[in-house]
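[1] give me a model of this one.
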Amino acid sequence: MFPPALALDNALKEMEDTILKELPSTFKSKSELIKYVALVHAELLFIHPFREGNGRTARLLANLMVAKAGYKLLDLENFSKIKFDDYVIAVKMAANKNYKPMEKIIGSLF
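    Take a look at the predicted model:
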């Protein structure tokens with residue numbers, strides 16, 4: 001499911017160049033913020049750069065993005081109530097650059 005360890009450096013560099021460097025400094029709307037949080041969250045989970053703590057790191061980063069944009073932190077208590085299968089599917093869909101399932105999940109946490 002995840003890229004092989006040998007591809008990790010390139011995957012992280014590509015994420016930095018094509019996603020992180022392109023993030024807007026402000027978001028025009030909550031829906032735009034959700035789109036970018038879902039993108040970053042899904043890509044980080046798909047790349048899976050750490051042996052342990054990928055989910056915690058991705059959730060922390062999501063909350064940092066939300067807080068920076070001036071919104072209340074995501075309701076991560078509800079995160080565990082999301083169907084795990086839907087969440088795994090959303091991460092897998094990131095491999096095909098389809099972030100809609102993750103957008104739906106992130107949107108439900110506001």
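[2] count of residues packed around Leu64?
    13 (other CB atoms under 10 Å). The C-beta positions use only the backbone N, C-alpha and C, and glycine is treated the same way.
[3] please report the distance of Phe27 from Tyr36.
    7 Å (CB to CB, to the nearest Å).
[4] can you check Tyr99 too?
    Tyr99 is 9 Å from Tyr36, by CB to CB.
[5] doesn't Ile34 make contact with Phe110?
    Yes - using CB atoms under 8 Å, Phe110 is in contact with Ile34, at 7.4 Å.
[6] remind me which residues of the protein are low pLDDT?
    1-3, 78, 80 (pLDDT under 70).
[7] again, only this time at 90
    For the chain, the stretches flagged by pLDDT under 90 are 1-9, 11-12, 14-15, 46-51, 54-55, 75-88, 91, 94-95.
[8] could you identify the longest helix within the protein?
    In the chain, with assignment by DSSP state H, the single longest helix is helix 30-47.
[9] and stretch 77-91, which residues are buried?
    79, 87, 90-91 (16 or more other CB atoms under 10 Å).
[10] settle it for me: which of Phe110 and Ile34 has more neighbours?
    Taking other CB under 10 Å, Phe110 and Ile34 do not tie; Ile34 has more neighbours (23 against 15).
[11] find the residue at the geometric middle of the protein.
    His41 (0.8 Å; CA atoms, centre = their mean).
[12] quick check: end-to-end length of stretch 95-109?
    23 Å (CA to CA, to the nearest Å).
[13] ok, and what's touching it?
    By CB atoms under 8 Å, 6 or more residues apart in numbering, the residues outside stretch 95-109 that reach it are 31, 34-35, 37-39, 41-42, 46, 62, 74-76, 78-79, 82, 86-87, 89-91, 93-94.
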